[in-house]
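> Give the three-dimensional model of this entry:
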Amino acid sequence: MDDDLMIVECEEGDLAEILDIETDSYPTPWSPNIFRSEMINPLSRMLVGKVAGDLGRGVAGYIVFWQVSDEIHVHNIAVQKNLRRKGIASRLLSRTIQIAHSEEIRWMHLEVRSSNHAARKLYENFGFAVQGVRRNYYTETGEDAVIMSADLKRAVAQERTPMQSGK
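Below is the predicted model:
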């Protein structure tokens, strides 16, 4: 998979595939207008993982994050259902962390559904720890969001991220 996946900046032409993944991934998907707003927001970055080869072609997954001062807040990350558990989300998160290091960013934050144990495990593998809970955060289900944060300087010092430890 490593040779078949490129992580690049999102372009307008990626939007249709992103929307397909988004709709397939979330009960209340972001609209095309939300993604377009993110594409022009100076604080926002969108990366896509594009596949080529045996796995097919096109957008396999994406990540949307804001960079504010010395923090990154991950707003959205999703992978095509048929390509999950192949390391794509890890590669997207690794690339975001590489960007954070190059920009001397110390903190990363995100919210994740309390029931999304696979995502929580992924984030824990990157040094994220639970900071709190947002009660009834997801309006369509009333589910809580778990707030997770990573101190990227400490994670590198402890070699806790898969990117740094070679996992």
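
> Please determine how far P32 is located from V74.
Counting by C-beta to C-beta, to the nearest Å, the gap between P32 and V74 amounts to 21 Å. C-beta here means a position set from N, CA and C on the backbone, and glycine is covered the same way.

> Out of the two, name the residue with the larger neighbour count.
Applying other C-beta atoms under 10 Å to P32 and V74 shows that V74 carries more neighbours, namely 21 against 13.

> secondary structure element for that one?
V74 belongs to strand 71-79 when assigned by DSSP states H and E.

> before we move on, what about G49?
With DSSP H and E as criterion, G49 is part of strand 44-53.

> That strand pairs with which strands?
When pairing is defined by DSSP bridges, strand 44-53 lines up against strand 5-9 (antiparallel), strand 56-68 (antiparallel).

> That strand - what's its average pLDDT?
Averaging pLDDT along strand 44-53 gives 91.

> now stretch 150-159
The model assigns stretch 150-159 a mean pLDDT of 69.

> neighbours around E103, how many?
10.

> brain fart, E104
9.

> these two touch, right, it and I72?
No - E104 is not in contact with I72 according to C-beta atoms under 8 Å; the separation is 11.5 Å.

> Can you flag the weakest of the strands paired with strand 44-53 by average pLDDT?
Averaging pLDDT over each of the strands paired with strand 44-53 puts strand 56-68 lowest, since it has a mean of 91.
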